[in-house]
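*Asks:* predicted model and sequence follow; I will ask about them next.
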Amino acid sequence: MLKIIEHPLIQHKISMIRDKETGHKDFRQLVSEIATILCYEATLDDKVKEIEIETPIITCKGKVLAKDYAVVPILRAGLGMEEGVLRLLPMAAVGHIGLYRDPKTLMPVEYYTKLPSNIEERQTFVLDPMLATGGSASEAINIIKAKGARNIKFLCVVSCPEGVEFLEKNHPDVPIYTAVHDSKLNEKGYIVPGLGDAGDRLFGTQ
């Protein structure tokens, strides 16, 4: 279920955001652009339905997306991907799930959840730049599934084997779309080579 998007533009932008000298303004822009490409790839197999359209010339058949959408960034770093996905899906409803990683146990702790109505009928994209341990992604999907959602895809900028294995074990029905798949986690739970702390780099905090 892991889909690595090896587009030349992705590779170029990943190299730029890896650079520790890239400031938060450019980092935010690049993450948003990567999210747009990931969203394009993640919708390639989505179903469409036929409608009738009246053009200025004649009436013809057209196709539109068959499902409604929900976009759910995991706070706070997932916010960096939200705009990029909404650029392609401006009609999507937006929810938010707030999780932080306990620095000792590395386990996710929920502090906020607000999801769109009828999420069980929507194609839902869960957003988080880093799939590290997989704990936050898995817990966010648990929360969404508890509300009835079943059509879920996870979008991230960087993944690693540990996070992918954990997420696939807990949610084998959820495809993972990533811009790059890195080698491992270090002893502090950071992806190597990774990007550092995506939230801090997005928002200029420490």
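*Replies:* Structure received.
*Asks:* buried residues, stretch 91-109. List them.
*Replies:* Neighbour counts using 16 or more other Cβ atoms under 10 Å place Ala92, Ala93, Val94, Gly95, His96, Ile97, Gly98, Leu99, Pro108 of stretch 91-109 among the buried residues. Bear in mind the C-beta positions are built from the backbone N, C-alpha and C, glycine included.
*Asks:* ok, the first one touching Glu83?
*Replies:* By that I understand Ala92. No: with contact defined as Cβ atoms under 8 Å, Ala92 does not count as touching Glu83 (11.7 Å).
*Asks:* and stretch 192-205, end to end?
*Replies:* 21 Å (Cα to Cα, to the nearest Å).
*Asks:* who touches it?
*Replies:* 17-18, 20, 22-24, 27-28, 31, 76-77, 79-80, 129-130, 157-158, 160, 182-186, 190, 206 (Cβ atoms under 8 Å, 6 or more residues apart in numbering).
*Asks:* if you set the cut-off to 10 Å instead, what comes out?
*Replies:* Outside stretch 192-205, the residues that touch it by Cβ atoms under 10 Å, 6 or more residues apart in numbering are 14, 17-20, 22-28, 31-32, 75-81, 100, 128-130, 132, 156-158, 160, 180, 182-186, 190-191, 206.
*Asks:* hmm, back to that, now intersect the buried residues of stretch 91-109 with the helices, please.
*Replies:* Applying DSSP state H to these, no entry is found in helices.
*Asks:* sec struct for Thr36, please.
*Replies:* The three-state assignment at Thr36 reads helix, by DSSP: H, G, I helix; E, B strand; the rest coil.
*Asks:* contacting residues for it?
*Replies:* Leu9, Met81, Glu83, Gly84, Val85, Leu86, Arg87, Leu88.
*Asks:* for Val158, what are its contacts?
*Replies:* Val158 neighbours (Cβ under 10 Å, 6+ apart): 14, 17-18, 34, 128-132, 178-182, 191, 193-195, 198.
*Asks:* does Lys188 touch Lys104 like I think?
*Replies:* No: counting by Cβ atoms under 10 Å, Lys188 stays clear of Lys104, with 11.4 Å between them.
*Asks:* which parts of this protein are strands?
*Replies:* 2-4, 48-54, 59-65, 68-75, 93-94, 96-101, 108-114, 122-127, 130-131, 152-159, 176-181, 184-185, 191-192 (DSSP state E).
*Asks:* mean pLDDT and distance to Glu165 for these - can I get that in TSV?
*Replies:* As requested, those are arranged in TSV below (pLDDT from 0 to 100; distance: least, Cβ to Cβ, whole Å):
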stretch	mean pLDDT	distance to Glu165
strand 2-4	95	10
strand 48-54	95	34
strand 59-65	95	32
strand 68-75	96	19
strand 93-94	96	29
strand 96-101	89	17
strand 108-114	91	17
strand 122-127	97	18
strand 130-131	94	10
strand 152-159	97	10
strand 176-181	97	11
strand 184-185	92	11
strand 191-192	94	14
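*Asks:* with that, I have no additional questions.
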